[in-house]
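S.K.: Let me see the structure of the following:
(4 chains, ligands or ions: 4)
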2 protein chains.
Amino acid sequence: MLSFAEENYLKTIYHLSKGGRKDVSTNSIAESLHTKPASVSDMIRKLSRKKVVNYKKYQGVNISKEGKEKALLVIRKHRLWEVFLVNKLKFSWDQVHEIAEQLEHIRSPLLIERLDQFLGFPQYDPHGDPIPDKKGVINSKPQIPLCDLKLNDSGVVIAVKDSSKEFLQYLDKLGAAIGTKIRVLDKIAYDGSMEIDIGDQKSVFVSGEVSENILITS
Amino acid sequence: MLSFAEENYLKTIYHLSKGGRKDVSTNSIAESLHTKPASVSDMIRKLSRKKVVNYKKYQGVNISKEGKEKALLVIRKHRLWEVFLVNKLKFSWDQVHEIAEQLEHIRSPLLIERLDQFLGFPQYDPHGDPIPDKKGVINSKPQIPLCDLKLNDSGVVIAVKDSSKEFLQYLDKLGAAIGTKIRVLDKIAYDGSMEIDIGDQKSVFVSGEVSENILITS
DNA sequence: AAATATTTTTAGATAAGCCTAAAAATATTT
DNA sequence: AAATATTTTTAGGCTTATCTAAAAATATTT
Ligand SMILES: [Mn+2]
Ligand SMILES: [Mn+2]
Ligand SMILES: [Mn+2]
Ligand SMILES: [Mn+2]
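M.R.: Numbering: from 1, shown residues only, chains lettered A, B, ... in the order given. Ligands and ions are numbered 1, 2, ... in the order given. Have a look, this model is predicted:
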């Protein structure tokens, strides 16, 4: 049985090891969780004793099979609750992450099963992230960051990499919600910014940073 | 801001002071929370510093005005979540208490407001307990324990005093859910047990303990 | 009223989870 | 390869919430 803190560490380690290489650095975990490296070292030792991560001093950690299962269950709960908040309680997609951070730790297998059913077995959360099934299996569509599209390529917004309030509210303002068609009108080599057409309706300029955080399916 | 543990202590102190006299003993709190009196003494000192209880050493505690407000908010959340679990997720009334014990600590005023609305502003939880409103106001109907009814009196089950799995499952077996009509056929002075008619359908004997835990409106 | 029993508080530990500062290991420059 | 910089770990503290054992206060009997 893992504590809330242990679940949060494990989830972070999972996310960090998914993006980059297998081994995750102490500093990157500390940065993600807004804690100090010393605290991370302590916690990693504890997670290692519990066999949810593999760890050799000074060599970074990687998540074990059981650790991954536990992390995916927390992520499943997080995303199901986000769907509940948006679809049933009419929250907007930029309001739900913080609340889901709390709800993801509620312990009751039956609750999650019933919630899943109540929501109609959703496949994706409000930010386009896939919801792992009971066994932790993720059914993910190919996602390309907008910045990787070529001139005149088009595709549909399928997810966002950054789920912060600020970014989501900016996308709302652009009218670039999930499901919106986007076409690349111009790519500015100088700073990585782009001119894009949103929903065949308007053309706007977005920064390189923004274009990295919008995920497209083609 | 109160911790989960502090919220649980406060809720317990509120419940204990509602039933009997105003001042609550250290031992009774310890018993309710399955902790030791020494731990209770520590916690009471802390709650007293936070002004949510009034406390004089060796004289017991009573809850303050702010304490009562905070306790009622936790109780409001607990009962709304129980309604959600039963009405929306199809849990039975004996399955929801433990899960609500976790959900009652989720912090988000907007979430509770939306949940209340989603549920249609329910007045009572699945065990017949009244749900405090946003301001902590409780709208409670008069409740009499079954054991206080006289011979041939009748009334409707409006709530239960004990919400344990075991008791609720026994009531299910009796067919004495909330809303069921009950009439007193006989009162056995010897042991306080009763013969009752349930829903004009069948007569059964119930122990004195059971008849204390069934609440009736007349 | 004195003796005894019960209740409550205090003293001293422990575990989790965090911190800062210092030491040790590893990585990067020169 | 040596010097320097960075990363990671360890050492030692702090807070919260719990415990057991002992002391102090209050309540009950005799
Ligand atoms: Mn989220
Ligand atoms: Mn999400
Ligand atoms: Mn309950
Ligand atoms: Mn209830």
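S.K.: as a whole number, average confidence for the helix ranked longest in chain A?
M.R.: Secondary structure of chain A per DSSP state H: the longest helix is helix A:65-83. Mean per-residue pLDDT for helix A:65-83: 98.
S.K.: Please spell out which residues along that helix are buried.
M.R.: A:67-68, A:70-83 (16 or more other CB atoms under 10 Å in any protein chain shown). Where you see a C-beta, it was placed from the backbone N, CA and C, and this is true even at glycine.
S.K.: Same question for stretch A:132-139.
M.R.: For stretch A:132-139, by 16+ other CB under 10 Å, it's A:Pro132.
S.K.: Convert it to PDB, retaining C-alpha atoms only.
M.R.: Output in PDB follows, covering the C-alpha atoms of stretch A:132-139 (Å, rounded to 0.1, in the frame of the first residue of the first chain):
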ATOM      1  CA  PRO A 132      -5.400   3.300 -19.200                       C
ATOM      2  CA  ASP A 133      -7.800   0.400 -18.900                       C
ATOM      3  CA  LYS A 134      -8.300  -1.700 -15.700                       C
ATOM      4  CA  LYS A 135      -5.100  -3.600 -16.600                       C
ATOM      5  CA  GLY A 136      -3.100  -0.500 -17.300                       C
ATOM      6  CA  VAL A 137      -3.200  -0.900 -21.100                       C
ATOM      7  CA  ILE A 138      -3.100   2.400 -23.000                       C
ATOM      8  CA  ASN A 139      -4.700   2.700 -26.400                       C
END
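S.K.: Report back the residue of chain A that's furthest from centre.
M.R.: No residue in chain A sits farther from the centre than A:Tyr190, which is 29.2 Å out by CA atoms, centre = their mean.
S.K.: so is that residue in a helix, a strand, or just coil?
M.R.: coil (DSSP: H, G, I helix; E, B strand; the rest coil).
S.K.: Check which helices and strands the longest helix of chain A is in contact with.
M.R.: helix A:4-19, helix A:96-103, helix A:109-118 (3 or more CB pairs under 8 Å, 6 or more residues apart in numbering or on different chains; DSSP states H and E).
S.K.: Figure out which of the ones you listed is closest to B:Ser17.
M.R.: Minimum separation from B:Ser17 across the helices and strands packed on helix A:65-83 (CB to CB) falls at helix A:96-103, 28.9 Å.
S.K.: hmm, the closest one touching chain B?
M.R.: Yes: with CB under 8 Å from any CB of the partner chain as the criterion, chain B is reached by helix A:96-103 at A:Glu98, A:Ile99, A:Gln102, A:Leu103.
S.K.: so that helix versus helix A:4-19, what angle?
M.R.: 130 degrees (axes from the mean of the first three to the mean of the last three CA atoms, to 10 degrees).
S.K.: So stretch A:158-166, near chain B or not?
M.R.: No: against chain B, stretch A:158-166 shows no contacts by CB under 8 Å from any CB, the least distance being 13.6 Å.
S.K.: and A:Arg87, what does it touch?
M.R.: Rather than Arg, residue A:87 is Asn. A:Leu119, A:Pro122 (CB atoms under 8 Å, 6 or more residues apart in numbering or on different chains).
S.K.: Confirm it sits in a strand?
M.R.: No: assignment of A:Asn87 by three-state DSSP gives helix, placing it outside any strand.
S.K.: B:Ser211 is nearest to which of the helices and strands packed on helix A:65-83?
M.R.: helix A:109-118 (31.9 Å).
S.K.: filter the buried residues of helix A:65-83 down to the ones close to ligand 2.
M.R.: A:Glu82 (CB under 5 Å from the ion).
S.K.: quick one: which of the buried residues of helix A:65-83 is nearest to A:Lys22?
M.R.: A:Lys68 (11.6 Å).
S.K.: Is the closest one in contact with A:Gly136, as I believe?
M.R.: Yes: in this structure, A:Lys68 is within contact of A:Gly136 by CB atoms under 8 Å, at 7.2 Å.
S.K.: Please tell me how far A:Asp172 sits from A:Lys46.
M.R.: In this view, A:Asp172 and A:Lys46 are 41 Å apart by CB to CB, to the nearest Å.
S.K.: What of A:Phe84?
M.R.: For A:Phe84, the distance to A:Lys46 (CB to CB) stands at 32 Å.
S.K.: So between these two, which is more surrounded?
M.R.: A:Phe84 (24 against 15; other CB atoms under 10 Å in any protein chain shown).
S.K.: thinking again about what came up before, which one of the helices and strands packed on helix A:65-83 lies closest to ligand 4?
M.R.: helix A:109-118 (16.2 Å; CB to the ion).
S.K.: Identify each buried residue in stretch A:89-96, please.
M.R.: Neighbour-count burial for stretch A:89-96, counted by 16+ other CB under 10 Å, picks out A:Leu89, A:Phe91, A:Trp93, A:Asp94, A:Gln95, A:Val96.
S.K.: Now do the fifth one against B:Leu33, distance only.
M.R.: Just to be clear, that refers to A:Gln95. From A:Gln95 to B:Leu33 the distance is 34 Å (CB to CB).
S.K.: Check the first one too.
M.R.: Using CB to CB, one obtains 32 Å as the distance from A:Leu89 to B:Leu33.
S.K.: Kindly check the end-to-end length of stretch A:135-146 for me.
M.R.: Using CA to CA, to the nearest Å, the end-to-end distance of stretch A:135-146 comes out at 31 Å.
S.K.: How about stretch A:183-197?
M.R.: End-to-end distance (CA to CA), stretch A:183-197: 5 Å.
S.K.: Domains in chain A, by residue range?
M.R.: A:4-63, A:74-140, A:144-217 (automatic domain parsing).
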